[in-house]
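[1] When you get a sec, could you give me coordinates for this:
(chains A and B)
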Amino acid sequence: MLEPPVVALNKSYNRLSKIKTLFACQKKAPYLFVLPFVVSFLVFFLYPIISTVIMSFQRIDGPESITFIGLKNYKNLINPHFFNALWVTTRYTFWTMLVLIPLPLLLAVFLNKKTTIGKKYFKSAFFMPALTSVIVAGLFFRLAFGEQETTLVNSILGVFGIKPMVWLQDPEGSMFAMVLLCTWRWLGVNIIYFLSGLQGIPVELYESASIDGANEIQQFWHITLPSLKPVIMYVLTISVYGGYSMFAESFALWSGPRSPGEIGMTIVNYLYQEGFNNNNLGFASAIGITLFVLVMIVNVIQLWVSGFFKKEGV
Amino acid sequence: MTSKYKEKIGAIIIYLTLLVVALFCLVPFFFLLISSLRPGVEMIQNGISFQIDFSALNLKNYWLLVEGKDGIYPLWYINSVIITVAHTVFSLLFTSMVGYGLAIYNFKGKNLIFTIVLVVMMIPVEILILPLYKLAISIDLIDSYMGVILPFVVTPTCIFFFRQYAMSLPRELLDAGRIDGCGEFKIFFQIMMPLMLPAFGAMGILQAMSSWNSFVWPLIVLRSTDMLTLPIGLQSLITPYGNNYDLLFPGAVMSVIPIMILFIINQKAFISGLTVGGVKG
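    Model prediction:
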């Protein structure tokens, strides 16, 4: 059937205008899609960051009395409390990295072996602690590391003839408790990271290696470890910034920002105490900015080492 | 002969390691459960210990959860449920939109926005608590559900995951939808969203878990006792004037149970949710 020319023209004109409005809409639509992030980033990220930077140069005695004091807050960071916090946090980060990379890697390799039976159950068991809140974990570890002779840890040590210890009042003992708490909650997650990395390694690599006569340990060093480099780098990064921003674990073990002799005082703990308990907003902001710079340096180094900038540049 | 012997030793080492670590992971759950059935006085005297009087175990503490402290615990539970559900629903809606937008369209500023997403992912929230607290005061968000949810509703991790997922959506559907005269949002909600369901499952669980267990921000933004969430409420039971272990242990156990159930139902979604970013390379 032939349409009268006017109708056909009209139709095609209609379609054209429809397509035109669609195009206009298609140009705007992407911005509407990403709008939630842009708004949230500006209001709840960029603005707070800028306001901390400004506050870090101020002395704030109340909403009305704000004085600009230049770098004085940063100069005040040179004090034994901050150095102690820096030292505690660095030690904590070091130990969590030392435990939470090799151990989950080894367990993931064990779980990835074809011959291992009951993988599913082991995986579930390892992962379960990750489901708990830090408060629940803290409740257990606080009382398991209690000072009485009867507590779990002290009675286990008793079996080996070691005297009971007041764990949470001793710098080394409390560091051990904090690292163990962190290990308990994050081991499973890191195992999953490594497992997903392991599953990405082509089986043929191992097959040809074993034909060449390489044993399992050689295969681990020459195939597994190099192939897992990106995952190891990733876990390393999250360990570093997780370690440096640690707060809740210590808060849960001593149920507050204060610990005897500041043995559990991390950088964020110090920030919390100065900002919220002592109302030293300017000084606390300087602590925050220092931590921010520290974390950013680590991130940039990680991105640089893993070749992120190279990829983008070329 | 010797190689078989070696293999056996290897297997023993592997299973022994796996068993010891599994024990380390599960033992705390056992003791939390047992402690929730013991009188709180015993916990103060002995801490968590191997000496358990099994005949004294009873469910009294669980009854206390409902009755004790004027029934504050059920209130915390309700707060936690409301906050978790609202946070998860809104977060999924917004982050899926952003992730989809970044994956499907080409527009000016796209790369910049995506880079910002990646950078924000790498910055711990703890750094922002102080200025966020000031902001929350000035826009009247303190001590409200909204205050807990709003600053962290557009989670960069979820955006990243949705973007990766949306990259593999068939573009032909987009064109087909356009020819049928569907607007861009209609295409997203009616055609693409159903295709992204697995991603919603993984991110929903991840978001629900992190919201349910969230500690640092709620600790700061929630002030009055009847507004607290479970982790903050439990934390508030530990006071210098005495620890309410009768309430703490059963309260802790009850707070873990819903997440446990989710985990048992859909272990896969948990695991794929948590490996976001791990497979970036």
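[2] Around A:Ile267, count how many other residues there are.
    Neighbour count of A:Ile267, defined by other C-beta atoms under 10 Å in any protein chain shown: 24. Glycine gets a C-beta too; all of them are placed from N, C-alpha and C.
[3] ok, it - contacts?
    By C-beta atoms under 8 Å, 6 or more residues apart in numbering or on different chains, A:Ile267 lies in contact with A:82, A:85-86, A:89, A:244-245, A:287, A:290-291.
[4] of these, list those near chain B.
    A:244-245, A:291 (C-beta under 8 Å from any C-beta of the partner chain).
[5] Out of these, which is nearest to B:Arg38?
    A:Ser245 (35.6 Å; C-beta to C-beta).
[6] In chain B, where's the longest helix?
    helix B:60-104 (DSSP state H).
[7] as a whole number, average confidence for that helix?
    What helix B:60-104 shows for mean pLDDT is 92.
[8] For that helix, name the packing helices and strands.
    helix A:5-41, helix B:110-121, helix B:145-149, helix B:156-166, helix B:197-213, helix B:230-237, helix B:245-265 (3 or more C-beta pairs under 8 Å, 6 or more residues apart in numbering or on different chains; DSSP states H and E).
[9] tell me the most buried of those helices?
    Mean neighbour count (mean count of other C-beta atoms under 10 Å in any protein chain shown) peaks for helix B:230-237 among the helices and strands packed on helix B:60-104, with a mean of 24.
[10] Among the ones next to chain B among the contacts of A:Ile267, which lie within helices?
    Within the ones next to chain B among the contacts of A:Ile267, residues falling in helices by DSSP H are A:244, A:291.
[11] Domain-wise, how is chain A divided?
    If you go by automatic domain parsing, the domain ranges for chain A are A:1-40, A:72-313.
[12] okay if I get those as JSON lines plus mean pLDDT?
    JSON lines is the format used below for these (pLDDT from 0 to 100):
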{"stretch": "domain A:1-40", "mean pLDDT": "69"}
{"stretch": "domain A:72-313", "mean pLDDT": "90"}
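[13] tell me how far the ends of stretch B:39-58 are from each other?
    8 Å (C-alpha to C-alpha, to the nearest Å).
[14] same check, this time on stretch B:205-221
    24 Å.
[15] Where does the stretch 51-200 of chain A get nearest to chain B, residue-wise?
    A:Gly146 (2.9 Å; C-beta to the nearest C-beta).
[16] Can you name the residue of the stretch 51-200 of chain B nearest to chain A?
    For the stretch 51-200 of chain B, C-beta to the nearest C-beta, closest residue to chain A: B:Gly101, 2.7 Å.
[17] I'd guessed that residue sits against A:Lys28; true?
    No - when contacts are counted by C-beta atoms under 8 Å, B:Gly101 is not listed as touching A:Lys28 (11.4 Å).
[18] Roughly how far does the residue lying closest to B:Pro131 once chain neighbours are set aside sit from A:Met55?
    Spatially, and ignoring its direct neighbours in sequence, B:Pro131 is nearest to A:Pro48 (3.6 Å; C-beta to C-beta, 6 or more residues apart in numbering or on different chains). Going from A:Pro48 to A:Met55 by C-beta to C-beta, to the nearest Å gives 10 Å.
[19] With B:Ile123 instead?
    Separation of B:Ile123 from A:Met55 (C-beta to C-beta): 18 Å.
[20] neighbour count winner among these two?
    A:Met55 (24 against 18).
[21] residue contacts, residue 260?
    Using chain A here. Applying C-beta under 8 Å, 6+ apart, the residues near A:Pro260 are A:168-169, A:254.
[22] wait, chain B
    B:Met260 touches A:128, A:131, counting by C-beta under 8 Å, 6+ apart.
[23] sorry, back to before: rebuild the ones next to chain B among the contacts of A:Ile267 as CSV, extending it with neighbour count.
    Putting the ones next to chain B among the contacts of A:Ile267 into CSV (neighbours: other C-beta atoms under 10 Å in any protein chain shown) gives the following:
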residue, neighbour count
A:Tyr244, 22
A:Ser245, 24
A:Leu291, 24
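[24] before we move on, the earlier item: pull the contacting residues for the residue nearest to B:Pro131.
    B:128, B:131-132, B:134-135.
[25] Separate out the buried members of the residues you listed.
    The neighbour count (16 or more other C-beta atoms under 10 Å in any protein chain shown) marks B:128, B:131-132, B:134-135 as buried among the contacts of A:Pro48.
[26] quick one: which of these sit in helices?
    The helices, defined by DSSP H, take in B:131-132, B:134-135 from those.
[27] Much appreciated, bye for now.
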